[in-house]
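Undergrad: here are the coordinates; sequence isn't available:
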């Protein structure tokens, strides 16, 4: 079922919220196997396989897909995205001309200055939180060609579940995080050149029955709205990651595996990489402006 997000105190909205909440939490507690979909062909998923992915997106905004490892290649990943209705890839500084990011530790350019391209742990975030409102990332895929020697696990949490957990504490937390100036990322400048302008906006935003979240738990190079309400909401969100384990999935992608998500919250542990040249951890990521269409099976 859908729910039109309304933060008013209208009792009729409260009734709609409770029904939507019950539906969204119906699939929990869940195991990692609840997310898994086996694919015979990454580039050409069958209608049945696409339906299975849609069911998992409908339940968790997340699916774990598994394909033969030799199929994990950029063009197959893009074809898989198109099969899901994902057409508009969102590029970034280190993506190639197809907007595919090769995620590996180190490199000949300055990508080692950015934590995703190192073996350091990544804190909780949604992808593209620094993008302007007109370029929000609403879905992404992440496929593993080679895992790390040890570590590199991801934990993932549906933003709709995060919304529910916070709203159940107090609607005021949601109101603070939905403020248009709640969360800012300063401009990225190097040598007097602006690589990315400042980005300011809400943490939670709403388009009818669609909720979108932009967030980073990083402590540096972020700015939060300086009000007691925002501070309380930020602290409540920080606590959520350690207080809602039954809603968090944790998995280390193996060769041939990939996450398909409507931009869920996620983090990554640090890892140890293979010392042999060309044998280290290697993943491919594509970010999209569209959401993955889903349905809620009964």
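TA: Alright, I've got the coordinates. Being a predicted model, the structure only gives us computed values, none of them experimental. Numbering: from 1, shown residues only.
Undergrad: from residue 50, how far out is residue 86?
TA: Using CB to CB, to the nearest Å, one gets 12 Å for the distance from residue 86 to residue 50. Heads up, the C-betas are built off the backbone N, CA and C, glycines and all.
Undergrad: more crowded one of the two?
TA: Between residue 86 and residue 50, counted using other CB atoms under 10 Å, residue 86 has the larger neighbour count: 23 against 17.
Undergrad: for the residue nearest to that one when sequence neighbours are not counted, give me its contacts.
TA: For residue 86, the nearest residue in space outside its immediate sequence neighbours is residue 288; the separation is 4.3 Å by CB to CB, 6 or more residues apart in numbering. By CB atoms under 8 Å, 6 or more residues apart in numbering, the residues touching residue 288 are 81, 86-90, 137-141.
Undergrad: adding pLDDT and secondary structure as columns, could you present the residues you listed in JSON lines?
TA: Putting those into JSON lines (pLDDT from 0 to 100; DSSP: H, G, I helix; E, B strand; the rest coil) gives the following:
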{"residue": "81", "pLDDT": "98", "secondary structure": "helix"}
{"residue": "86", "pLDDT": "97", "secondary structure": "coil"}
{"residue": "87", "pLDDT": "96", "secondary structure": "coil"}
{"residue": "88", "pLDDT": "97", "secondary structure": "coil"}
{"residue": "89", "pLDDT": "97", "secondary structure": "strand"}
{"residue": "90", "pLDDT": "96", "secondary structure": "coil"}
{"residue": "137", "pLDDT": "98", "secondary structure": "coil"}
{"residue": "138", "pLDDT": "97", "secondary structure": "coil"}
{"residue": "139", "pLDDT": "98", "secondary structure": "strand"}
{"residue": "140", "pLDDT": "98", "secondary structure": "strand"}
{"residue": "141", "pLDDT": "98", "secondary structure": "strand"}
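Undergrad: quick check on those residues: which are buried?
TA: Among the contacts of residue 288, those buried by neighbour count (16 or more other CB atoms under 10 Å) are 81, 86, 89-90, 137-141.
Undergrad: how close does the nearest residue to residue 208 once chain neighbours are set aside get to residue 93?
TA: When the adjacent residues along the chain are set aside, residue 208 lies closest to residue 4, with 5.7 Å between them (CB to CB, 6+ apart). From residue 4 across to residue 93, the span is 37 Å (CB to CB).
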